[in-house]
Structures are given as structure tokens and as C-alpha cells.
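Q: based on what follows, work out the 3D shape:
(one chain, ligands or ions: 1)
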Amino acid sequence: MSIKCDLVVVGAGPGGSMAAKTAAAAGLDVIMLEKRQEIGDPVRCAEGVGRRALCEMVKPDPRWIASEVKGAKIYAPDGTSIVMSEDKSGSEVGYVLERKVFDRALAMDAARAGAKVMVKTRALWLLRRDGVLSGVSAMHMGEPLQIEAPLIVGADGVESKVGRWAGIDTVLKPKDIHCCAQFLVQDKSINDEYCEFFFGNSKAPGGYVWAFPKGEKLANVGIGVQGSKSGSGMPIRLLKEFMKSRFPDGKVVEMVTGGDPSSGVIESATADGVILVGDAARQTDPITGGGILNAMKAGIIAGEVAAKAVSSGDVSKAGLKGYEDRWRADIGRHIARSYEYKEFFVKLTDDDLNQLIGSLKNEDISKMDLRGMLRVLFRLNPKLLWELRHLVI
Ligand SMILES: Cc1cc2nc3c(=O)[nH]c(=O)nc-3n(C[C@H](O)[C@H](O)[C@H](O)COP(=O)(O)OP(=O)(O)OC[C@H]3O[C@@H](n4cnc5c(N)ncnc54)[C@H](O)[C@@H]3O)c2cc1C
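A: Numbering: from 1, shown residues only. Model (predicted):
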């Protein structure tokens, strides 16, 4: 079967659905492909998002909010803890979503805006005519499908192939990917009020362990280990060890594994006829691993730029420059700064982490954002944080 449209979006995660919705609302004939038969399932995510930034993009719906938290509780390796308020805790703290419902709701919004959504449809490669990109070859419910389109949005997640097919360098070095494992845990000792973060090089080398509550003593308890420090099976082994010490009676009702990019901004997220968004474009925050909001923001920008490019007939890399300029000026700046923080923090010893977190014990950090907190940390630990002075002062 062969069909035509203006724009193919590959992947119906938050990035793809926002791109499809925005482009369809701007008048493009959009087809969004999703290889899975159920959008949003399985969930490879701790499901935490900042409330304010999310509400700027979509109207909150109780059906996809599992819980609301007061803030973040951060634990040093020695067990010392500090608390940050919800609005200052960054892109992962505020709501804990029910992504199975959330991702589907975003895809439904895209469909309502006019996009055609095709599930169980896997993009296989990019079609070219006389060397020029002309669409996507796919497998739709077991049947071959060719879709002719001048422009493709690759929103196909961390394992993105669209970028590779288009010749965009999205290769991740082992140090720039976090290997994750997560259990959905039911336990009476789960803190329903805070997203909890546990640091320590023996707990999670180059990363952290999290417990994000989903209400009624249920939580996503997961671990991210820096790829260059992770051996085979290490995340699951360390997560089981953490469970034994923190939630010894916890019942594991689901389990997922997955990768989270932490590479900082990539050199290019476009090629002739192709735009990458979200994890496919490595747009996650390198320090927190949060990528839902960035994928959504990039999806909106991609949808707007796609509508202009297709209408003007220029879908070349030069014609898509507006996308590069806008995502770099917005989320790209934060990602670049976070990458510098990450590169520094992964080198810290447990003693360093104890010193830093312990030094905040008597400070009122409840109203501070990350930058404000770093300024205080720098004042209290100038020698340890000297390398970061250009970011702090
Ligand atoms: C363990 C873990 C915990 C995380 N926790 C958080 C968190 O708490 N908060 C946060 O903000 N971020 C978190 N992240 C990151 C977050 O999940 C991603 O950044 C976010 O999902 C990116 O959205 P996306 O739309 O770019 O990609 P995805 O959500 O990955 O969507 C990509 C979609 O493309 C589809 N697809 C792939 N290939 C094809 C193909 N060839 N054809 C058709 N469809 C295809 C996939 O099936 C998928 O549905 C976490 C990640 C992991 C691994």
C-alpha cells in the first residue's frame, strides 16, 4: 500500500505527539507512526515532571496525574537529607504521571487536531528518489506500507534510527548514557509526599537511585548508572540491593529497563527533510535524566517549523534552521549547562557528596532554585567546587 501526506512523525511519545498535534493544527496533513500496539506501554520512565512547565503546554487532567508531590528529598551517601520545594526542584518534580494514560492522551490530542495515528506501524527506513528524501517505508500490522512525504520528524526515542538513516550523528558514548532499571513497588514505608533521590558511588555509580511516589504507597523505584561505570546486569543488581536496605518488604509489581541519554546538545538535530526531537535528538537533561518536558517543547517547535517549511516548499537543512535556532536558544542552553554540572558531579567521591549535601543542612534552601543552591554550595565549599565557578558566579 502507498499513501501520501505532508509530514510523517515517527514515534508517538510526548515529543512525537506534540509535533503531530502542532503541525496538524497548523494545517499540515500529518501521519504519526507508532511501532507498539498500545501507545505509552510499556512505560520506561519514572514519570516525574515539573508542574508549571507542563501546565504551560497542556491542561492538567486528573486521569493522567498519579500524584502531586511537595518537593524533592535528596539523600547523601551517609544518609543526611535535604528538602527542596516542588517549584524549585527542576524538571522532574511536581506531578508523577500515569504515562500509559498521558502518552495516549497526547496522541489523542494530535488525532483531534487532524493527525492520522497508526499504531503497530514500524518505520523501517527512509525512502529517497534521485537522492532526495521522499518518505518512509514501514510495516503496518504485518503489511508493507510506503508513505510519501517531503518531511519526517524522528521522535523515535533513545534508540532512534531515523537520525542514523538521515546521516545525523547521534552516537552516544558509554559515559553519556545512563543505564536504568526500575521497579514499580508497593510498600507501606513509601514517602507519598516527596520524590526521593539517593546518591552514592556504591549505590549508583555516576547516577542516583530514585523513589517517585504514585499515591497509595506505590512508587517507581529506579536506578540510573553511568554507562561507562555499568557492568552487565549492574543496575538491576544494585536496585535489588537498594530495595533490601530501604524497602525490604516492598512488593515489586512491574519492572522495566532502559537507557537515558545524558550527552548534552548534539551538533545537529536536522538534515535535509528530517527533524529529530526528544530522546532521538538527545534532548534529555544530562543531570536529572528528565526528558518528557524537553521532548514536548521540542515537539511544539518542530511542528511549527515543519508547517512553515512544508508550506514554503523548502524542507532542506537550511530551511529547517528555525528549528535548530529555537530549540538551542530554549532547552539547549539548559542542557549545555547541565552537561557541565554532570561532567563535574560524576567525578565526586562519596566524601565529597557527604560534604556538599551536609553543608546545606543548616541553610534555608526551600525557596532556592538549582542555581541559587549552587551559589550557596559554592560559598560553603569553594575549594571543592572551584571548577564550577564560571557557572555559579
Ligand atoms: C528509567 C527511566 C526513567 C525516566 N524517568 C524520567 C522522569 O521521571 N521524568 C522525565 O521527564 N523523564 C524521564 N525519563 C526520560 C523520558 O522517559 C524520555 O526523555 C521521554 O520519554 C522522551 O520522549 P520522546 O517522545 O522523545 O521518546 P519516547 O517517549 O521514548 O517515545 C518514542 C516512541 O517512538 C516509538 N518508536 C521507536 N522506534 C519506532 C519506529 N521505528 N517506528 C515507529 N515508532 C517507533 C517508541 O515505541 C516510542 O513510543 C526516564 C527515562 C528512563 C529510561
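Q: who in the protein is up against the ligand?
A: The chain comes close to the ligand at residues 10-16, 33-36, 44-49, 91-92, 122-123, 155-157, 161, 180, 182, 222, 258, 260, 278-280, 284, 289-293, 295, as judged by CB under 6 Å from any ligand atom. Bear in mind the C-beta positions are built from the backbone N, C-alpha and C, glycine included.
Q: 5 Å instead, please
A: 10-11, 13-15, 33-36, 44-46, 48, 92, 122-123, 156-157, 180, 182, 258, 260, 278-279, 284, 290-292, 295 (CB under 5 Å from any ligand atom).
Q: please list only the buried members of those residues.
A: For the residues of the chain next to the ligand, a neighbour count by 16 or more other CB atoms under 10 Å gives the buried set as 10-11, 13-15, 33-35, 44-46, 48, 92, 122-123, 156-157, 180, 182, 258, 260, 278-279, 284, 290-292, 295.
Q: closest point of the stretch 101-250 of the chain to the ligand, which residue?
A: Per CB to the nearest ligand atom, the residue of the stretch 101-250 of the chain with the smallest distance to the ligand is Gly157, at 2.9 Å.
Q: contacts only, for the nearest residue to that residue once chain neighbours are set aside.
A: Excluding its sequence neighbours, the residue lying closest to Gly157 (CB to CB, 6 or more residues apart in numbering) is Asp279, at 4.7 Å. Counting by CB atoms under 8 Å, 6 or more residues apart in numbering, Asp279 makes contact with 13, 15, 157-158, 160, 260-261, 291, 295.
Q: mind listing the helices for the stretch 101-250 of the chain?
A: Using DSSP state H, counting those that start in this stretch, the helices found in the stretch 101-250 of the chain span residues 162-165, 234-246.
Q: need the nearest residue in space to Leu348, chain neighbours excluded.
A: Distances taken as CB to CB, 6+ apart place Leu356 nearest to Leu348, at 7.5 Å, with adjacent residues excluded.
Q: helices and strands around the one helix or strand that neighbour maps to, which ones?
A: Using DSSP states H and E, Leu356 sits in helix 350-359. The contact analysis (3 or more CB pairs under 8 Å, 6 or more residues apart in numbering; DSSP states H and E) places helix 350-359 against helix 370-380.
Q: pLDDT score for the most far-flung residue of the chain relative to its centre?
A: The centre of the chain is farthest from one residue, Asp130, which by CA atoms, centre = their mean lies 36.1 Å away. Asp130 is assigned a pLDDT of 92 by the prediction.
Q: repeat for the one 10 residues further on
A: Per-residue pLDDT puts His140 at 97.
Q: neighbours of the residue lying closest to it once chain neighbours are set aside, how many?
A: In space, and not counting its chain neighbours, His140 is closest to Thr121: 4.3 Å by CB to CB, 6+ apart. Residues near Thr121, counting by other CB atoms under 10 Å, number 24.
Q: quick check: Thr121 touching Met32?
A: No: Thr121 is beyond contact range of Met32, at 9.1 Å (criterion: CB atoms under 8 Å).
Q: now Ala318: how far from Asp325?
A: Distance, Ala318 to Asp325, using CB to CB, to the nearest Å: 12 Å.
Q: neighbour count: those two, which is higher?
A: A direct count of neighbours by other CB under 10 Å for Ala318 and Asp325 places Asp325 higher, at 13 against 9.
Q: for the host helix or strand of that one, what does the pLDDT average out to?
A: In this assignment (DSSP H and E), Asp325 forms part of helix 321-327. The pLDDT scores in helix 321-327 average 98.
Q: next, the buried residues of that helix.
A: By neighbour count on 16+ other CB under 10 Å, the buried set for helix 321-327 is 322-324, 326-327.
Q: quick one: distance of it to the chain centre.
A: 19 Å (CA atoms, centre = their mean, to the nearest Å).
Q: what of stretch 112-122?
A: Offset of stretch 112-122 from its chain centre (CA atoms, centre = their mean): 22 Å.
Q: tell me the contacts of the most centrally placed residue in the chain?
A: Nearest residue to the geometric centre of the chain (CA atoms, centre = their mean): Gly291, 1.7 Å. Residues near Gly291 by CB under 8 Å, 6+ apart: 260-261, 278-279, 283-285.
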